[in-house]
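Participant: okay, predicted coordinates and the sequence, questions at the end:
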Amino acid sequence: MGVGYGCAIGLSLVRLGGCLLVVVGMTTGCTKIKFTDQGTSESKLALPTGEGNPDPLDPVDPPGVPPVESPENKNWNTEMLHGKQDGQQVDILWVIDNSSSMETSQQALADNFDSFIGEFQTQNYDFQMGITTTEAYKATLGYSRDHALLKSGGKLGSSGASILTNKTPNLKDSFLKNVLQGDAGDSDERAFMSLKTVLSNTANRGLIRPEAHLAVIVVSDEDDLSHDGDYWTESNYYNIYKDPNLHKPSDYQKLLVGLKGSADKASFHAIAIKDEKCYKDLGGQSRKIGKRYFELVSLMGGTTVDLCSDFSKSLKFLSNFIIRRTLNFVLTKKPVDATDIQVQMRGVTAPRNRSQGWDYFPETQSLQFFGEWVPANGEAVTVKYQVP
């Protein structure tokens, strides 16, 4: 064995962007080199290793450049989901404006009931429906407690049932009697306070089931006027949106989510005046665009229907929207990156599209499906996403 000193060119392997590069550089000094004789005609060069002298054949990452992460190195979670089963539960509360200008809209709703309920029946939903009015709140102001009860009849007489289900005999006729509340109701329309009054009344507890999705639907040609105290004088209506006593829509979001325990278990929808054209077509005057309704719709992930629309089409749209809201698929873990989510069904990758496909909703940590991609009863869906 021999020992000598020499200065050599340094070689190292560096990984950059997934490639191995050979880096050549001059050493800053000399090092001791050992030559070992293994009993052959060759001598072997042994370079010392250790701290400060890394193995020149060991790839290293240059300072400041993080390792390149391959898909195989990500922590993926895979879940197997299934489409809804027959008997999916949904509870629906209708809040009907029964003031003097609403009789025509009530009749349009009754005449097109089949357009609304048909899809629930076709898909074998276990549905319940109750009806109240925008003056139910009066039960909290010293008026008759009957205001807080779900309606079991109206101007056409009694239906005999305050909660209508998929098993109710003569369902359409019963809905007709319950929804036609007439136009003799109070003009101080407080839909938000009324839904709270009805939902908190223990006499109506049969409408709300723990596992069901709750959909609240307001039908009105006014905006919500829920406020503290008794009746406003006429002067209050000139600038209602700045009145400090007006209740915040967000308070009723908290009410509904708290009642169901989860944001994906409740939704709010409005059939109301959406623009100036509808406002004028209906005659204007005391009517109002439903700004506060639309604010709560937005907070609750619901939808709006123009009071001036063709109810034969718009009510079907509304029912399909509610059905989609009941088909939330809540993921067991929170994805690190929503753009990494992969959905496999029917032998292909499903498109991420809110018209035909699916989308992820981080606020509820859930997937929703749309159009032809809504899973059929029991249909298998595989979801893969990255987790911490």
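Facilitator: Yes, it's here.
Participant: use CA for all of it now, contacts and neighbours both
Facilitator: Noted.
Participant: and the helices in the stretch 51-200 of the chain?
Facilitator: Secondary structure of the stretch 51-200 of the chain by DSSP state H, counting those that start in this stretch: the helices cover 103-111, 113-122, 171-179, 191-199.
Participant: so can I have CSV of those showing distance to A380?
Facilitator: CSV is the format used below for the helices of the stretch 51-200 of the chain (distance: least, CA to CA, whole Å):
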stretch, distance to A380
helix 103-111, 37
helix 113-122, 21
helix 171-179, 34
helix 191-199, 36
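Participant: can you list these in CSV and add mean pLDDT, distance to E363 and mean neighbour count?
Facilitator: Output for those, formatted as CSV (pLDDT from 0 to 100; distance: least, CA to CA, whole Å; neighbours: other CA atoms under 10 Å):
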stretch, mean pLDDT, distance to E363, mean neighbour count
helix 103-111, 95, 33, 18
helix 113-122, 94, 26, 16
helix 171-179, 97, 34, 21
helix 191-199, 98, 23, 23
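Participant: so which of those helices is nearest K280?
Facilitator: Nearest to K280, of all those, is helix 103-111, at 15.1 Å by CA to CA.
Participant: which one, of the helices of the stretch 51-200 of the chain, ends up nearest to Q368?
Facilitator: The minimum distance between Q368 and the helices of the stretch 51-200 of the chain falls on helix 113-122, with 17.7 Å, by CA to CA.
Participant: which one of the helices of the stretch 51-200 of the chain lies nearest to D243?
Facilitator: Of all the helices of the stretch 51-200 of the chain, the one in closest proximity to D243, counting by CA to CA, is helix 191-199 (16.1 Å).
Participant: what comes into contact with the closest one?
Facilitator: Here helix 191-199 makes contact (CA atoms under 8 Å, 6 or more residues apart in numbering) with 95, 97, 132-137, 139-140, 148-150, 204-205, 218, 224-226, 249, 252, 255.
Participant: which members of those are classed as buried?
Facilitator: 95, 97, 132-137, 139, 148-150, 204, 218, 224-226, 249, 252 (16 or more other CA atoms under 10 Å).
Participant: which residues in the stretch 201-350 of the chain form strands?
Facilitator: Defined through DSSP state E, counting those that start in this stretch, the strands belonging to the stretch 201-350 of the chain, from first to last, are 213-219, 266-272, 304-306, 329-330, 342-345, 348-349.
Participant: in TSV, list these along with mean pLDDT.
Facilitator: What follows is these, written out as TSV (pLDDT from 0 to 100):
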stretch	mean pLDDT
strand 213-219	97
strand 266-272	97
strand 304-306	97
strand 329-330	85
strand 342-345	97
strand 348-349	97
